[in-house]
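Visitor: missing the sequence, but the structure's below:
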């Protein structure tokens, strides 16, 4: 959504500026240029965050803790926690069916002028993403499900890609 708003803003001043004076578009273009890195960071971070959950859901169908997709959107502590969780599920004979539902929002962008770190807040819902016994397909009944607060740190990596570096999941009903 932020991209749609920022894309609409430059197109509105440009026609007005071009009809007024040649110098006007330059001054009108300056503010979007200063917010463009922050907008790009927000978009990249949210895409990485959602990608991490999609990758995890795909790998969780078979508890494949070695799935190469897992490192595409997660690294550091986040990747370690995901692979450890999937390894434990595999060892315990569990698979996960369904998909998580996420509603991420950017809490902060640091530093604002050339962001390298974005904090994402989410009220994720795991009601339709549950553990089942791999041997008989029965529900694992491993606790309550529902909406939970999730906080994630997403950082720009040396290759320019945004990846989740850490995340924390709170108890059901925390959002």
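Guide: Good, I have the coordinates. On a predicted model such as this, the values are computed, not experimentally measured, just so you know.
Visitor: can you pull the contacts of the nearest residue to residue 93 once chain neighbours are set aside?
Guide: Nearest residue to residue 93, sequence neighbours excluded (C-beta to C-beta, 6 or more residues apart in numbering): residue 134, at 4.9 Å. Backbone N, C-alpha and C define where each C-beta goes, glycine included. Residue 134 makes contact with 63, 93, 94, 95, according to C-beta atoms under 8 Å, 6 or more residues apart in numbering.
Visitor: and the last one, helix, strand or coil?
Guide: Classification of residue 95 by DSSP: H, G, I helix; E, B strand; the rest coil places it in strand.
Visitor: C-terminal to the longest helix along the chain, what's the next element?
Guide: Ranked by residue count under DSSP state H, the longest helix found in the chain is helix 24-60. Where DSSP states H and E defines the elements, the next helix or strand beyond helix 24-60 is helix 70-73.
Visitor: hmm, who's touching that following helix?
Guide: The list of residues contacting helix 70-73 from outside it, by C-beta under 8 Å, 6+ apart, reads 48-49, 51-52, 54-56, 59, 79, 82-83, 86, 163-164.
Visitor: outside of the helix or strand following it, which residues touch it?
Guide: Downstream of helix 70-73, the next assigned helix or strand under DSSP H and E is helix 76-91. Under the contact criterion C-beta under 8 Å, 6+ apart, helix 76-91 has outside partners 52, 56, 59-60, 63-67, 70-71, 74, 95-96, 131, 152-153, 163-167.
Visitor: Which entries within those residues meet the buried criterion?
Guide: Among those, the ones that count as buried by 16 or more other C-beta atoms under 10 Å are 52, 56, 59-60, 63-65, 67, 70, 74, 95-96, 131, 152-153, 163-167.
Visitor: Now the phi/psi pair for residue 144, please.
Guide: Taking degrees, to the nearest 10, you get phi -70, psi 150 for the backbone angles of residue 144.
Visitor: ok, the residue positioned nearest the centre of the chain - contacts?
Guide: Closest to where the C-alpha atoms of the chain average out (C-alpha atoms, centre = their mean) is residue 49, at 1.5 Å. Shown in contact with residue 49 (C-beta under 8 Å, 6+ apart): 73, 102, 104, 120, 122, 152, 154, 164.
Visitor: and the gap between it and residue 112?
Guide: Taking C-beta to C-beta, to the nearest Å as the measure, residue 49 falls 19 Å from residue 112.
Visitor: secondary structure element for residue 135?
Guide: Using DSSP H and E, residue 135 falls outside every helix and strand.
Visitor: how deep is it tucked in, by neighbour count?
Guide: 9 (other C-beta atoms under 10 Å).
Visitor: tally of neighbours for the residue nearest to it when sequence neighbours are not counted?
Guide: Computed as C-beta to C-beta, 6+ apart, the closest residue to residue 135 that is not its neighbour in sequence is residue 93, at 5.8 Å. A count of nearby residues for residue 93, using other C-beta under 10 Å, gives 14.
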